[in-house]
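Asks: Fold the following.
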Amino acid sequence: MINNLGTIANSGSKKFVDQIKSESNNQSYGDGIIGQFGVGFYSSFIVGDSVEVVSRLSKDDKAHLWVSDGSGEF
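Replies: Numbers count the residues shown, from 1 in each chain. All right, here's what the predicted structure looks like:
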């Protein structure tokens with residue numbers, strides 16, 4: 001979960017921004033893009049005191065829980 005929560009690489013946004021930068025002379029283009037998942041994930045801290053993420057593979061009985069109040073390090 002630590003490797004995937006909040007990352008932009010899995011959403012395709014980082015690849016898109018890198019491609020645009022390599023094809024243009026504007027190296028700051030797209031610096032504000034964090035990915036569709038990232039927007040929803042980080043905005044949850046605006047409306048809630050804490051965030052809980054529960055994840056489980058469909059064929060696995062074991063689930064993983066990640067909890068944060070937005071303070072400290074990720």
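Asks: quick one, phi psi at Glu52?
Replies: phi -120, psi 130 (degrees, to the nearest 10).
Asks: measure it to Ser43 for me?
Replies: Relative to Ser43, Glu52 is positioned 15 Å away (C-beta to C-beta, to the nearest Å). Using the backbone N, CA and C atoms, a C-beta is placed for each residue, glycine as well.
Asks: By mean pLDDT, point me to the weakest helix or strand of the chain.
Replies: Within the chain, no helix or strand scores below helix 36-47, which has a mean of 69 by mean pLDDT, DSSP states H and E.
Asks: so where do the helices sit in this protein?
Replies: Per DSSP state H, the chain carries helices over the ranges 13-23, 36-47.
Asks: any chance of those helices in JSON lines, plus mean neighbour count and distance to Lys59?
Replies: Converted to JSON lines, the helices of the chain look like this (neighbours: other C-beta atoms under 10 Å; distance: least, C-beta to C-beta, whole Å):
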{"stretch": "helix 13-23", "mean neighbour count": "13", "distance to Lys59": "29"}
{"stretch": "helix 36-47", "mean neighbour count": "12", "distance to Lys59": "23"}
